[in-house]
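*Asks:* next come a sequence and a model predicted from it.
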Amino acid sequence: MTEFTYDLVIRGGRVATASDVFEADVAIFGETIAAIGHRLAGGRREIDARGKLVLPGGVDSHAHIEQLSAAGIVNADTFESATVSAAFGGTTTVIPFAAQHVGMKLPQVLEEYHALARKGAVIDYAFHMIIADPTRETLETDLPRLIKQGHGSIKIFMTYDRLKIEDEPLLDILLAAREGGAMLCAHAENHGIISWMVKRLLARGYTDPKYHAISHARVSEAEAFNRLIGMAALIDQPIMIFHVSTAEGARVIRDARGRGLKVFAETCPQYLFLTADDLDRPGVEGAKWMCSPPPRRAADQEALWQALALGDLQTVSSDHAPYRFDETGKLRAGPNPNFKQIANGLPGLEVRLPLLFDAMVSQGRLGLEKFVELTATAPAKIYNLHPRKGSIAFGADADIGIWDPQLEVTLSDAMMHDLAGYTPFAGRKLRGWPVTVLSRGRVIVSDGKRSVEAGSGRFLARSGGDAAKPTGRLVPDMDPELNFGARLL
Ligand code: DUC
Ligand code: ZN
Ligand code: ZN
């Protein structure tokens, strides 16, 4: 009888991390990477990866799954469909949301989302906790306990009628995050500017989806970023600014980071590959391209690429938020809704990595190591999932995408595995595709076939980690040495 040293050996591929690319065999024992080297001993199963790239599975740190959204409806996907679609696109870790709405108790919210994920998820997951009702019970009793139980990040919205947090409670939440050691993530847009623009556009009969993009005036982003950064600096609380869409927004972040503030930020494929012109289609078809913030201009795309290159933005997430183009989703208010009646969001878990691979590796923009960094290693580090997730390293979970860098794929609605029924990127021809995907050593997708059970994904308990640690530098107003001795933190 043959004795095998490893359970699986991926042989002869080019391995990439955020810092290096090298030829090696990768051996897996159980759920983790047991060896990386040349001529490794045999595995019970072997995968010939010659001519292929062996990359860490993607970490998508911003996705709305089976979630009660700002529009008051649940996204099109289940945890099963969303995570299967993620797996087909090479993503093996996802951080969706457990969304509190006004009147809801946070522990119960968490329980419900955990139950959904336990039943459906096929890849590993953590949760960001959305806080929309910052009562004393939520902030003083529930939140500290839930953070300790492994929910190391909080999300707030500065806009949306149902969810928005005003400045004063936002300071309370920043302080609660600081005390619990959690990261504070934000959807930062100025609510007043957007509402004012919406009312005037609708009153003048500008109702088509393309006016959604106009209603989110560019200044609404930079203004909210500045205000949030100022409040976070007052509390000395690290923040993550979600879905940066404008050149001005990226500049605000660059300036804050230049001043030594712990401000992290992401953008998404829709801001790198789409523009507001994509919403300009006959009838309400443009609804399929409606998200908030909206896609902007070609010059913003360039500014965002530059911000990624410089490190001003550290990650690219999908902001997957799928709604069907029918009466259950985008057309819930009827066949001819005005833009304000249309749910915001795009499906994107499956195409995030292939779109970025094509641009960054096949077309050469920023290169393979940076692709790995932005899509896997950096989000794993920021959300304290590294070194278990986000890299190919000894002892890491064997979450791996084996990519055929030459495979050409034309994106189509029919090939998607989520339940949105369309992709806003249909028709794009991409080079490079993940042909085999492993999660904790299990092959979960291979040559277009799924081989994983619903509910086999695991919850990743995590604290806020290093990224969420305050700098320890207090602004004068908060520093007892400089504010007549008042202790406010
Ligand atoms: N905007 C959000 O704020 N969340 C989900 C998707 C979107 O477009
Ligand atoms: Zn958002
Ligand atoms: Zn979002």
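*Replies:* It's in. Ligands and ions are numbered 1, 2, ... in the order given.

*Asks:* packing partners of the biggest helix by length in the chain?
*Replies:* Taking DSSP state H as the criterion, the chain has its longest helix at helix 218-235. Judged by 3 or more C-beta pairs under 8 Å, 6 or more residues apart in numbering; DSSP states H and E, helix 218-235 is in contact with helix 167-180, helix 191-203, strand 239-241, helix 247-258. Where C-beta positions appear, they are placed from N, C-alpha and C, glycine not excepted.

*Asks:* these: which one's closest to ligand 1?
*Replies:* With C-beta to the nearest ligand atom as the measure, helix 191-203 is the member of the helices and strands packed on helix 218-235 nearest ligand 1 (11.5 Å).

*Asks:* that older thread, hey, C-alpha coordinates of the longest helix of the chain in PDB?
*Replies:* What follows is helix 218-235, C-alpha atoms only, in PDB (Å, rounded to 0.1, in the frame of the first residue of the first chain):
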ATOM      1  CA  ARG A 218     -19.700  64.700  -6.200                       C
ATOM      2  CA  VAL A 219     -19.300  67.000  -3.200                       C
ATOM      3  CA  SER A 220     -21.600  64.700  -1.100                       C
ATOM      4  CA  GLU A 221     -18.700  62.200  -1.000                       C
ATOM      5  CA  ALA A 222     -15.800  64.400  -0.200                       C
ATOM      6  CA  GLU A 223     -17.800  66.400   2.400                       C
ATOM      7  CA  ALA A 224     -18.900  63.200   4.200                       C
ATOM      8  CA  PHE A 225     -15.400  61.800   4.100                       C
ATOM      9  CA  ASN A 226     -14.000  65.000   5.600                       C
ATOM     10  CA  ARG A 227     -16.600  65.100   8.400                       C
ATOM     11  CA  LEU A 228     -16.200  61.400   9.200                       C
ATOM     12  CA  ILE A 229     -12.400  61.700   9.300                       C
ATOM     13  CA  GLY A 230     -12.600  64.700  11.600                       C
ATOM     14  CA  MET A 231     -14.800  62.900  14.000                       C
ATOM     15  CA  ALA A 232     -12.700  59.800  13.900                       C
ATOM     16  CA  ALA A 233      -9.600  61.900  14.600                       C
ATOM     17  CA  LEU A 234     -11.400  63.500  17.600                       C
ATOM     18  CA  ILE A 235     -12.000  60.000  19.100                       C
END
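
*Asks:* any idea how far that helix is from the middle of the chain?
*Replies:* From the chain centre to the centre of helix 218-235 is a distance of 20 Å (C-alpha atoms, centre = their mean, to the nearest Å).

*Asks:* and it, what's buried?
*Replies:* Going by neighbour count (16 or more other C-beta atoms under 10 Å), the buried part of helix 218-235 is 218, 220-226, 228-229, 231-235.

*Asks:* with stretch 435-455 instead?
*Replies:* For stretch 435-455, by 16+ other C-beta under 10 Å, it's 435-445, 452, 454.

*Asks:* sort out which residues of stretch 61-75 are buried, please.
*Replies:* 61-71, 74-75.

*Asks:* list just the nearest of these to Leu331.
*Replies:* Ala71 (12.1 Å; C-beta to C-beta).

*Asks:* quick one: that closest one from ligand 1, how far?
*Replies:* Distance, Ala71 to ligand 1, using C-beta to the nearest ligand atom, to the nearest Å: 9 Å.

*Asks:* can you confirm that residue is in a strand?
*Replies:* No - counting by DSSP: H, G, I helix; E, B strand; the rest coil, Ala71 falls outside a strand, being coil.

*Asks:* surely Ile149 and Arg462 touch.
*Replies:* Careful, residue 149 is Gln and not Ile. No - applying C-beta atoms under 8 Å, one finds Gln149 not in contact with Arg462, separated by 10.4 Å.

*Asks:* the two: who's more crowded?
*Replies:* Applying other C-beta atoms under 10 Å to Gln149 and Arg462 shows that Arg462 carries more neighbours, namely 21 against 12.

*Asks:* does that one lie in a helix or a strand, and which?
*Replies:* Per DSSP states H and E: Arg462 is located in neither a helix nor a strand.

*Asks:* looking at the buried residues of stretch 435-455, which is nearest Ala343?
*Replies:* Ala454 (25.6 Å).

*Asks:* leaving out sequence neighbours, find the closest residue to the closest one.
*Replies:* Spatial nearest neighbour of Ala454, excluding adjacent residues (C-beta to C-beta, 6 or more residues apart in numbering): Glu80 at 4.5 Å.

*Asks:* count of neighbours near the one you found?
*Replies:* 23.

*Asks:* list the contacts for it?
*Replies:* Contact partners of Glu80, counting by C-beta atoms under 8 Å, 6 or more residues apart in numbering, are 119-122, 454-455.

*Asks:* rebuild these as CSV, extending it with pLDDT, distance to Ala276 and secondary structure.
*Replies:* As requested, the contacts of Glu80 are exported to CSV (pLDDT from 0 to 100; distance: C-beta to C-beta, whole Å; DSSP: H, G, I helix; E, B strand; the rest coil):
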residue, pLDDT, distance to Ala276, secondary structure
Lys119, 98, 39, helix
Gly120, 98, 35, helix
Ala121, 98, 34, coil
Val122, 98, 35, coil
Ala454, 98, 38, coil
Gly455, 98, 40, coil
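
*Asks:* among these, which are within reach of ligand 1?
*Replies:* For ligand 1, no contacts are drawn from these by C-beta under 6 Å from any ligand atom.

*Asks:* kindly compare burial across the helices and strands packed on helix 218-235 and name the winner.
*Replies:* Sort those by mean neighbour count, taking mean count of other C-beta atoms under 10 Å, and strand 239-241 sits at the top with a mean of 27.

*Asks:* tell me which parts of this protein are close to ligand 1?
*Replies:* Contact residues, the chain versus ligand 1 (C-beta under 6 Å from any ligand atom): 64, 187, 291-292, 319, 321, 344-345.

*Asks:* tell me which residue lies nearest the centroid of the protein.
*Replies:* For the chain, the residue sitting closest to the mean C-alpha position, by C-alpha atoms, centre = their mean, is His62 at 2.3 Å.

*Asks:* residues contacting Val9?
*Replies:* Shown in contact with Val9 (C-beta under 8 Å, 6+ apart): 25-28, 40-43, 45-47.

*Asks:* of these, which is the most crowded?
*Replies:* Busiest of the contacts of Val9 [other C-beta under 10 Å] is Val26, holding 27 neighbours.

*Asks:* which SSE is the closest residue to that one other than its chain neighbours in?
*Replies:* Nearest in space to Val26, with sequence neighbours left out and distances taken as C-beta to C-beta, 6+ apart, is Ile10 at 4.5 Å. Assigned by DSSP H and E, Ile10 belongs to strand 6-16.

*Asks:* next: Leu272.
*Replies:* Counting by DSSP H and E, Leu272 is found in helix 269-273.

*Asks:* what is the rounded mean pLDDT of that helix?
*Replies:* Computed over helix 269-273, the mean pLDDT rounds to 99.

*Asks:* again with stretch 240-257
*Replies:* Rounded mean pLDDT across stretch 240-257 is 98.
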